[in-house]
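Colleague: Sequence unavailable; structure follows:
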């Protein structure tokens with residue numbers, strides 16, 4: 001009786017040792033796979049999230065059909081020299097606020113795989129912006145489409161931030177190209193089975209591109225408060 005009990009205990013002990021060894025080997029294998037795949041996944045995922053977020057933001061702002069014709073007014077003296085540039089800061093701030101709200105809503109919808117409230121499109125089914133075949137990580141053309149896929153998603157970490165910049169550059173003879181841009185930045189979280197990696201995204205959206213005769217003093221352009 002005692003011998004049978006000892007044999008049973010010995011079998012349980014062997015079983016526990018085998019389970020422990022298999023668990024250790026499995027964990028070590030997963031760690032090695034993670035170390036091998038993570039750099040490649042991180043590179044592809046970061047690129048895809050930057051492209052996806054930028055495209056969603058631009059489409060959201062474009063869908064608003066913003067009126068930018070009256071954002072600036074140029075004043076001249078009797079000789080035709082530029083004396084002042086008047087910026088409609090109130091309209092610019094309203095425009096930026098509308099753009100940030102629309103872009104935020106569109107990013108949230110894209111991340112959830114829902115219909116965009118502004119373009120009425122579903123950009124990414126189930127919020128998956130890209131499916132990366134594991135075979136592609138081998139670098140082999142023959143294996144590129146083989147194996148399971150790694151799903152990549154994105155999510156905004158914080159609220160979008162915007163600013164409006166005015167820049168002037170010489171254009172031809174005695175002419176100046178005046179540009180007003182809306183810059184939107186946001187930190188996006190890259191989500192995949194191998195990483196949670198924040199990426200800073202900045203999108204520049206041209207609002208005004210106007211050629212004016214005459215030189216604009218540099219002090220008249222810059223960041224619009």
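Modeller: Looks like it arrived, so ask away. Keep in mind the model is a prediction, meaning the values are calculated, not measured.

Colleague: Show me what the helix or strand that contains residue 90 is packed up against.
Modeller: When elements are assigned from DSSP states H and E, residue 90 belongs to helix 89-112. When contacts are defined as 3 or more CB pairs under 8 Å, 6 or more residues apart in numbering; DSSP states H and E, helix 89-112 packs onto helix 2-63, strand 149-156, strand 161-170, strand 175-192. Every residue, glycine included, has its C-beta placed from N, CA and C.

Colleague: OK, contacts around the residue nearest to residue 117 when sequence neighbours are not counted?
Modeller: Distances taken as CB to CB, 6 or more residues apart in numbering place residue 105 nearest to residue 117, at 5.3 Å, with adjacent residues excluded. Neighbouring residues of residue 105 by CB atoms under 8 Å, 6 or more residues apart in numbering: 60, 116-118.

Colleague: Residue 152 bridge partners, please.
Modeller: residue 130 (DSSP bridges).

Colleague: should've said residue 187
Modeller: Here residue 187, judged by DSSP bridges, has bridge partners residue 200.

Colleague: So what's the residue count around it?
Modeller: By other CB atoms under 10 Å, the residues close to residue 187 number 14.

Colleague: Repeat that for residue 120.
Modeller: Count around residue 120 with other CB under 10 Å applied: 8.

Colleague: what do you get for residue 56?
Modeller: There are 26 residues near residue 56, going by other CB under 10 Å.

Colleague: My understanding was that it contacts residue 106; is that so?
Modeller: Yes. Using CB atoms under 8 Å, residue 56 makes contact with residue 106 at a distance of 5.1 Å.

Colleague: Show me the common contact partners of those two, please.
Modeller: With CB under 8 Å, 6+ apart, residue 56 and residue 106 have common neighbours residue 116.

Colleague: Output the lowest mean pLDDT helix or strand found in the protein.
Modeller: Ranked by mean pLDDT, DSSP states H and E, the weakest helix or strand in the chain is strand 222-224, scoring a mean of 52.

Colleague: Skipping its backbone neighbours, what lies nearest residue 191 in space?
Modeller: Excluding the flanking residues, the one nearest residue 191 by CB to CB, 6+ apart is residue 153, at 4.2 Å.

Colleague: How about the contacts made by the one you found?
Modeller: Listed by CB under 8 Å, 6+ apart, the contact partners of residue 153 are 111, 127-129, 191-192.

Colleague: Now render the residues you listed as TSV, adding pLDDT.
Modeller: Formatted as TSV, the contacts of residue 153 follow (pLDDT from 0 to 100):
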residue	pLDDT
111	94
127	92
128	91
129	91
191	87
192	82
